[in-house]
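Visitor: The sequence isn't on hand, but the structure is:
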């Protein structure tokens, strides 16, 4: 379902959460689908189970999943049902990412190419 980069400066829990967010956004997992257990995903990825638990808590705080002891963790949010608050948070994150890209010396065309690449992963041509 997802991969992580042990050499990345992005914390592992954030990589796991982002990977699951992406899978939800791409429709690879849908509302009602059960995610792997914390223990299973940690074993699959070769990371500490507390790291996966932290990622799941982050996703739960964002309203994307719901965990129930003994019942596992299920996807709860439909991509199309995001709240205005989430939209504002996302707009702010995009603004910061684009600003960071400019400060890192990336040119406008390079940023636009990367944004297009990311958009195409989430909205393939056949879905547009």
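Guide: Perfect, thanks for sending it. Predicted, not measured: the structure shown is a model, and the values here were computed from it.
Visitor: Mean pLDDT per helix and strand in this protein: which one sits at the bottom?
Guide: Least confident helix or strand, the chain: helix 84-103 with a mean of 86, by mean pLDDT, DSSP states H and E.
Visitor: next SSE after that one?
Guide: The helix or strand immediately downstream of helix 84-103 is helix 108-122, counting by DSSP states H and E.
Visitor: Break this protein into its domains for me.
Guide: Annotated domains of the chain cover 12-80, 83-127 [automatic domain parsing].
Visitor: With distance to residue 5 and mean neighbour count as extra columns, can I get those domains in JSON lines?
Guide: For glycine as for every other residue, the C-beta is placed from the backbone atoms N, C-alpha and C. JSON lines is the format used below for these (distance: least, Cβ to Cβ, whole Å; neighbours: other Cβ atoms under 10 Å):
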{"stretch": "domain 12-80", "distance to residue 5": "7", "mean neighbour count": "16"}
{"stretch": "domain 83-127", "distance to residue 5": "16", "mean neighbour count": "11"}
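Visitor: quick one, the least confident helix or strand of the chain and helix 108-122 angle?
Guide: Calculated by axes from the mean of the first three to the mean of the last three Cα atoms, to 10 degrees, helix 84-103 forms an angle of 140 degrees with helix 108-122.
Visitor: and the closest residue to residue 32 other than its chain neighbours, what element?
Guide: Excluding its sequence neighbours, the residue lying closest to residue 32 (Cβ to Cβ, 6 or more residues apart in numbering) is residue 74, at 6.2 Å. Per DSSP H and E, residue 74 falls inside strand 72-75.
Visitor: In its sheet, which strands sit next to that strand, and in what direction?
Guide: The pairing partners recorded for strand 72-75 under DSSP bridges are strand 34-35 (antiparallel), strand 65-68 (antiparallel).
Visitor: closest one to residue 119 among these?
Guide: strand 65-68 (23.9 Å; Cβ to Cβ).
Visitor: chain center to the closest one: distance?
Guide: Centre-to-centre, strand 65-68 and its host chain are 16 Å apart (Cα atoms, centre = their mean, to the nearest Å).
Visitor: Alright, I will stop here.
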